[in-house]
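In: let's see this in three dimensions:
(one chain, ligands or ions: 3)
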Amino acid sequence: MTNHRIALIPGDGIGAEVLPPARQVLDILGRRHDFTLSYTSYDDWSCERFRREGAMMPDDGLAQLRDKDAILLGAVGHPGVPDHISLWGLLIPIRRGFRQYVNLRPIRVFEGIDSPVRGARAGEVDFVVVRENVEGEYSEAGGRLNRGFPDEMAVQEAVFTRVGVTRLLDYAFKLAERREGRLTSATKSNGIVHTMPFWDELVAERAASFPQVSWEQEHIDALAAKFVLEPARFDVVVASNLFGDILSDLAAAVAGSIGVAPAANLNPEREFPSMFEPVHGSAPDIAGQGIANPLGAIWSAAMMLDHLGHPEAAKDITDAIAAVLAKTDVRTRDLGGTASTVEFTDKLLELL
Ligand code: NAD
Ligand code: IPM
Ligand code: MN
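Out: Ligands and ions are numbered 1, 2, ... in the order given. Below is the predicted model of the structure:
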């Protein structure tokens, strides 16, 4: 029987509340589909650890994760520790250190969900944001904060490399080929005059190798509007790191709540473990109340199983998500219900 070694990093806030439901689901599927998962938990890699020891994870943290087959993460960030410290001390080093340059963020409007967007119907809105995950606007290059004079200024350079953008585009075009053959590139070449025209040039260049894919580019501002006005038109949306970050929360909101959206931080070459985590953060405003929506984490676990070679088990999960939403009215509060995390998870497990 195949065994997969999984690193569990609950992190902060609701991260620790949404990982146990994901793990319950995983264990059931392992028994059903004949594989096992052995977990190593890194429970204290968190802001609490930072306060105590001055670091989010140990110095050899990445080395400890290196031999795992996948990483399942909850969320990172807690009031009192500046976000740039907590995130750059744990989440971002994993994404970069393990060359997880694709951040895959699918979204669907499920039957039974009341989208805040009029006309966003189940079965019609089903697309994927392919976000660049290791460079772009999230860069340490040129970081400078000049203080102490009236014209204080902060400078941070965006980094777009030919290799970095091209490998992401290739992933996105291949995904579009396997899906409905449509790709939308998010740009802002009318305003961001150095990096975005280069991005556009590389999109056009790679598009030539994928004649079956019909593609378009949209300025990010107009694209944000179209996510709301015509969400059904999208199939694969490819975007830089920051644009993809913003678009994926917007897409999740169109699908009802940012609590449902999953993410796969992929190292497509499989030189390193990939990491799976919900799109949402640690939600300090609701942490500790047991009311977080576990769907984003559970769907992320499905993406992990797909990556580990169990697409049928992954489909069992997405089918159960669809079933609990279509056939019952059990919902967490973000989706208009009253169920706790545990009550909602129990209902989903019944239908799994
Ligand atoms: P957030 O996603 O944590 O919360 C935004 C809003 O959505 C909140 O009102 C929250 O209650 C709600 N929400 C989020 N997930 C939910 C769920 N599963 N169920 C129900 N409601 C949910 O974003 P934020 O407020 O910008 O960030 C809070 C902290 O999380 C910050 O420290 C931030 O840096 C961090 N963060 C971490 C990650 C990550 O680890 N990948 C992602 C985003 C934000
Ligand atoms: C996400 C988060 C992170 C990001 C933050 C917390 C650094 O918003 O995973 O979407 O911007 O990548
Ligand atoms: Mn985000």
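In: need the helices for this protein, in chain order.
Out: Along the chain, the segments classed as helices by DSSP state H run 15-33, 47-53, 61-65, 83-88, 91-97, 162-178, 195-207, 220-229, 241-254, 295-307, 311-327, 341-351.
In: just the ones you listed: most buried one?
Out: Most buried of the helices of the chain by mean neighbour count (mean count of other C-beta atoms under 10 Å) is helix 295-307; its value is a mean of 27. Glycine gets a C-beta too; all of them are placed from N, C-alpha and C.
In: for it, list the C-alpha coordinates in CSV.
Out: This file holds the C-alpha atoms of helix 295-307, laid out as CSV (Å, rounded to 0.1, in the frame of the first residue of the first chain):
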residue,chain,number,x,y,z
LEU,A,295,-14.4,23.9,3.1
GLY,A,296,-11.3,25.8,1.8
ALA,A,297,-9.1,23.4,3.8
ILE,A,298,-11.1,20.3,2.8
TRP,A,299,-11.0,21.3,-0.9
SER,A,300,-7.2,22.0,-0.5
ALA,A,301,-6.9,18.4,0.9
ALA,A,302,-8.6,17.2,-2.3
MET,A,303,-6.1,19.1,-4.4
MET,A,304,-3.3,17.4,-2.4
LEU,A,305,-4.7,14.0,-3.1
ASP,A,306,-4.9,14.8,-6.8
HIS,A,307,-1.3,15.8,-6.7
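In: returning to that earlier point: for ligand 1, find the nearest of the helices of the chain.
Out: Of all the helices of the chain, it is helix 83-88 that lies closest to ligand 1, at 3.8 Å by C-beta to the nearest ligand atom.
In: neighbouring strands - and their directions - for the top strand by length along the chain?
Out: Ranked by number of residues, the top strand in the chain under DSSP state E is strand 2-11. Looking at strand 2-11 with DSSP bridges, its partner strands are strand 35-41 (parallel), strand 70-75 (parallel).
In: what mean pLDDT does the shortest one have?
Out: Strand 70-75 comes out with an average pLDDT of 98.
In: and ligand 2, is that strand touching that?
Out: No - using C-beta under 6 Å from any ligand atom, strand 70-75 never reaches ligand 2; the gap is at least 8.1 Å.
In: which residues touch the longest strand of the chain?
Out: 15-16, 19, 23, 26, 34-43, 45-46, 64-65, 67-77, 90, 273, 282, 304, 308-309 (C-beta atoms under 8 Å, 6 or more residues apart in numbering).
In: list the contacts for the most centrally placed residue in the chain?
Out: With distances taken as C-alpha atoms, centre = their mean, the residue of the chain nearest its centroid is Ala263 (2.5 Å). By C-beta under 8 Å, 6+ apart, the residues touching Ala263 are Asn103, Leu104, Arg105, Ser248, Phe276, Glu277, Pro278, Val279, Ser300, Met303.
In: having no further points to raise, I will conclude here.
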